[in-house]
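> here is my input, please return the structure:
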Amino acid sequence: MKIAVTGKGGVGKTTFAATLARLYAEEGRPVLAADVDPDANLGLALGFDEETLDSIIPISKMRKLVEERTGASADNQFYHLNPKVDDIPEKYGKVCNGVRLLVLGTVETGGGGCVCPEHVMLKRIISNMVLRREDVVILDMEAGLEHLGRGTTEGVDAFIVVIEPGARSVQTYKNVKRLAKDLGVAQVKVVANKVRNEEDEAFILERIPQEDLLGMIHYNTEVIDADRQGKSPYDFSETVTGEIRSIKDKIDRQ
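The predicted model follows:
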């Protein structure tokens, strides 16, 4: 299972990605969770302590490592397009609650088609993770759609778009579905988060095709409390964890 979790900023994709990872780890599955968001906070949602997270440098910021693996330097404009990366998750990943976290970060670039050494490195790492057939791989992507333009998520089994009950979130889902098709990813599913009432439920059901909707997560102040205390929602809210467990069961069946 190789899943890329995407969506607009603030919709709760990290809460969903972290809880889904914890649920797979609960089954004894090997789980690799990759944080591909420049505002990296997947680790807190997984249950890591702040001291451990403060010690982690995103792979995209490890200039010496990028230079070693790609051969790029200030004096060398030529570099390897297929650097060795298969040891990266074990060497630089941290494990908590049965989930191995790899903080990748992202490449800050003005254009979507960056072919810089850092981008090559990240794309190669993600491709390698997707091919690690023994692992469940969950990618917590950066907000927006730029990662689709860069093609870093080619080869995943599915995109899961986390949305809120709102027109802009629905538009994001439609854009992801269109761009995913260009990458050869046929499965684009939706999880509706922060659903407050029957009106919100009706809004989602009217606008998201039934075959694409994995389920809904209702608005819950326990998630806010968990975030305030820097805790994992998995450990803080049985209600939300149960809703995401039902979504996971549907993912497994499909």
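> state the distance from Glu198 to Met216.
Remark: distance between Glu198 and Met216 (CB to CB, to the nearest Å) = 11 Å. C-beta here means a position set from N, CA and C on the backbone, and glycine is covered the same way.
> please say which of these two ends up with more neighbours.
In terms of neighbours (other CB atoms under 10 Å), Met216 is the more surrounded of Glu198 and Met216; the figures are 20 against 8.
> any idea which strand is longest in this structure?
Using DSSP state E, we find that the single longest strand of the chain is strand 187-195.
> what is the neighbour count of Gly93?
That count, for Gly93 with other CB under 10 Å as the rule, works out to 17.
> my guess is it meets Asp87, correct?
No. Here Gly93 lies out of contact with Asp87, judged by CB atoms under 8 Å, at a distance of 10.4 Å.
> the residue nearest the centre of the chain: what's it in contact with?
Ranked by distance to the mean C-alpha position of the chain (CA atoms, centre = their mean), the top residue is Asp140 at 1.3 Å. Taking CB atoms under 8 Å, 6 or more residues apart in numbering as the definition of contact, the neighbours of Asp140 are 5, 13-14, 17-18, 33-37, 42.
> assign it to helix, strand or coil.
Secondary structure of Asp140, reduced to three states by DSSP: H, G, I helix; E, B strand; the rest coil: strand.
> same check on Ile160?
Note that with three-state DSSP, the state of Ile160 is strand.
> next: His119.
Three-state assignment for His119 (three-state DSSP): helix.
> do you know the pLDDT at it?
The pLDDT attached to His119 in the predicted structure is 74.
> residues near it, how many?
19.
> from Thr106, how far out is it?
His119 sits 9 Å away from Thr106, going by CB to CB.
> mind listing what the nearest residue to Asp140 once chain neighbours are set aside touches?
Nearest residue to Asp140, sequence neighbours excluded (CB to CB, 6 or more residues apart in numbering): Ala17, at 4.2 Å. Contacts of Ala17 were listed using CB under 8 Å, 6+ apart, and they are 5, 33, 42, 45, 138-140.
> then Tyr234?
Under the criterion of CB under 8 Å, 6+ apart, the contact list for Tyr234 reads 18-19, 22-23, 47, 97, 241.
> which one (most neighbours) among these?
In the contacts of Tyr234, the most neighbours by other CB under 10 Å go to Ala18, 30 neighbours.
> excluding chain neighbours, give the residue nearest to that one in space.
For Ala18, ignoring the flanking residues on the chain, the nearest one in space by CB to CB, 6+ apart is Ala45 at 3.4 Å.
> average pLDDT for the helix or strand hosting the one you found?
Secondary structure from DSSP states H and E places Ala45 in helix 42-46. Across helix 42-46, pLDDT averages out at 94.
> hmm, who's touching it?
Outside of helix 42-46, the residues that reach it under the criterion CB under 8 Å, 6+ apart are 14-15, 17-19, 21-22, 33, 35, 50, 52-53, 56, 94, 96-97, 99, 101, 103, 140, 227, 230-233.
> swap the cut-off to 7 Å and go again
14-15, 17-18, 21-22, 33, 35, 53, 96-97, 99, 101, 140, 230, 232-233 (CB atoms under 7 Å, 6 or more residues apart in numbering).
> now the buried members of those.
For these, a neighbour count by 16 or more other CB atoms under 10 Å gives the buried set as 14-15, 17-18, 21-22, 33, 35, 53, 96-97, 99, 101, 140, 232-233.
> now the helices for the stretch 1-150 of the chain?
Counting by DSSP state H, counting those that start in this stretch, the segments of the stretch 1-150 of the chain that form helices are 13-26, 42-46, 50-54, 63-70, 88-92, 117-130, 146-150.
> kindly report the same for the stretch 151-254 of the chain.
Under the criterion DSSP H, counting those that start in this stretch, the stretch 151-254 of the chain contains helices at 167-183, 198-207, 221-228, 233-236, 238-253.
> among these, which is nearest Glu27?
Set against Glu27 and scored by CB to CB, these come closest in helix 238-253, at 9.5 Å.
> for the closest one, which helices and strands make contact with it?
Using 3 or more CB pairs under 7 Å, 6 or more residues apart in numbering; DSSP states H and E as the contact criterion, the neighbours of helix 238-253 among helices and strands are helix 13-26, strand 213-218, helix 221-228, helix 233-236.
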